[in-house]
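Chemist: take this sequence and fold it.
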Amino acid sequence: MNKIILLGNFTKDPEFKNSKNGTPYATFCLAVKKKYQINKETENADFIHCIAWDKSAEIVMKFGKKGIKALIEGELNMFMAENNTIYKVKIDNIEFLFKVKDDDDFADSVIQNESNLPF
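Modeler: Numbering: from 1, shown residues only. A predicted model of the protein is given here:
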């Protein structure tokens with residue numbers, strides 16, 4: 001079984017493209033904090049490249065923005081490019097975690113897909 005679950009922040013806005021056969025996809029990088037720090041001034045993070053296809057790509061483009069926190073579930077893929085090993089996570093599920101204003105209080109909000117949106 002190849003399954004990976006990551007919690008992190010978008011490092012920049014995602015990029016949307018279409019494959020040669022017209023299938024939409026979105027690519028983005030997720031910064032995932034490491035459990036330890038080398039020193040107190042800097043936080044360590046891994047930068048994980050991700051790809052979302054079809055409907056997931058549309059959701060990523062609608063809600064994924066630089067700094068947004070997301071929980072992703074997917075499959076880790078590895079391939080060679082110019083003598084380098086490239087790792088990329090193919091997204092199976094993504095949940096966006098962000099603050100929404102509710103009167104004077106802030107509450108966490110989770111968006112998994114458009115079906116649970118209040119608008």
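Chemist: just the strands in this structure please.
Modeler: Using DSSP state E, the strands of the chain run over 4-10, 15-18, 24-33, 45-53, 69-81, 84-102, 105-111.
Chemist: now residue 76: closest residue in space that isn't a chain neighbour?
Modeler: residue 4 (4.8 Å; Cβ to Cβ, 6 or more residues apart in numbering). C-beta here means a position set from N, CA and C on the backbone, and glycine is covered the same way.
Chemist: and the pLDDT for the one you found?
Modeler: Per-residue confidence (pLDDT) for residue 4: 96.
Chemist: in stretch 55-68, what counts as buried?
Modeler: Buried residues in stretch 55-68, defined by neighbour count with 16 or more other Cβ atoms under 10 Å: 56, 57, 58, 59, 60, 61, 63, 64, 68.
Chemist: enumerate every residue touching the first one.
Modeler: Going by Cβ atoms under 8 Å, 6 or more residues apart in numbering, residue 56 touches 26, 91, 92, 93, 94.
Chemist: among the residues you listed, name the buried ones.
Modeler: Among the contacts of residue 56, those buried by neighbour count (16+ other Cβ under 10 Å) are 26, 91, 94.
Chemist: would you confirm that the first one contacts residue 54?
Modeler: No: taking contact to mean Cβ atoms under 8 Å, the distance of 9.9 Å between residue 26 and residue 54 leaves them out of contact.
Chemist: can you find the helix or strand in the protein with the smallest mean pLDDT?
Modeler: None of the helices or strands of the chain scores lower by mean pLDDT, DSSP states H and E than strand 105-111, at a mean of 46.
Chemist: re the thing from before, okay, now the residue nearest to residue 76: neighbour count?
Modeler: For residue 4, the count of nearby residues is 16 (other Cβ atoms under 10 Å).
Chemist: what are the bridge partners for residue 8, then?
Modeler: Bridge pairing for residue 8 (DSSP bridges) gives the partners residue 70.
Chemist: verify the contact between it and residue 34 for me.
Modeler: No: the pair residue 8 and residue 34 does not pass the contact test of Cβ under 8 Å, sitting 10.6 Å apart.
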